[in-house]
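Asks: Have a look at this fold, sequence not included:
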Ligand SMILES: [Zn+2]
């Protein structure tokens, strides 16, 4: 599995009638785990549709770099490099997702 960050997701919403309130749409930007062999450029729209139940007109995406399995956040399992940050002294890693500080195992 790998992580993909989807952004600028263009959900297919019908034009609203006057007085009709906008439906609650999924986020325009989301990071999801996808199968290693998923062709995101070709199948990403179907993937998002299956996931949220809305049709997708377009989107941007990029793969998210991940840390090694052993270095993931011990609390929530976060592996996205952009979600894990070393502190100033490089003694601890802070997980942005759940706020845990932890010391990854030595190499
Ligand atoms: Zn965490």
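Replies: Okay, I see it. In this text the structure is predicted, and so the values were computed from the model without any measurement. Numbers count the residues shown, from 1 in each chain.
Asks: So residue 6 sits against residue 32, correct?
Replies: Yes - the pair residue 6 / residue 32 is scored as a contact, 6.7 Å apart, by CB atoms under 8 Å. From N, CA and C alone the C-beta is placed, and that goes for glycine too.
Asks: So between those two, which is more surrounded?
Replies: Taking other CB atoms under 10 Å, residue 6 and residue 32 do not tie; residue 6 has more neighbours (23 against 17).
Asks: Name every strand pairing with the helix or strand harbouring the more buried one and say which way it goes.
Replies: Using DSSP states H and E, residue 6 sits in strand 2-11. Sheet pairing here is set by DSSP bridges, and for strand 2-11 it gives strand 30-34 (antiparallel), strand 56-63 (antiparallel).
Asks: What are the contacting residues of the shortest one?
Replies: In other words, strand 30-34. Residues outside strand 30-34 that contact it (CB atoms under 8 Å, 6 or more residues apart in numbering) are 1, 2, 3, 4, 5, 6, 9, 40, 47, 51, 64, 80.
Asks: That strand: which residues count as buried?
Replies: 31, 32, 34 (16 or more other CB atoms under 10 Å).
Asks: And the longest one, by the same measure?
Replies: If you call a residue buried by 16+ other CB under 10 Å, then strand 56-63 has these buried ones: 56, 59, 61.
Asks: quick one: average confidence on the helix or strand following that strand?
Replies: Counting by DSSP H and E, the next helix or strand C-terminal to strand 56-63 is strand 84-86. Across strand 84-86, pLDDT averages out at 93.
Asks: tell me how far strand 84-86 is from the chain's mean position?
Replies: 17 Å (CA atoms, centre = their mean, to the nearest Å).
Asks: which neighbours does that strand have in its sheet, and in what orientation?
Replies: Sheet pairing for strand 84-86, using DSSP bridges, gives strand 93-95 (antiparallel).
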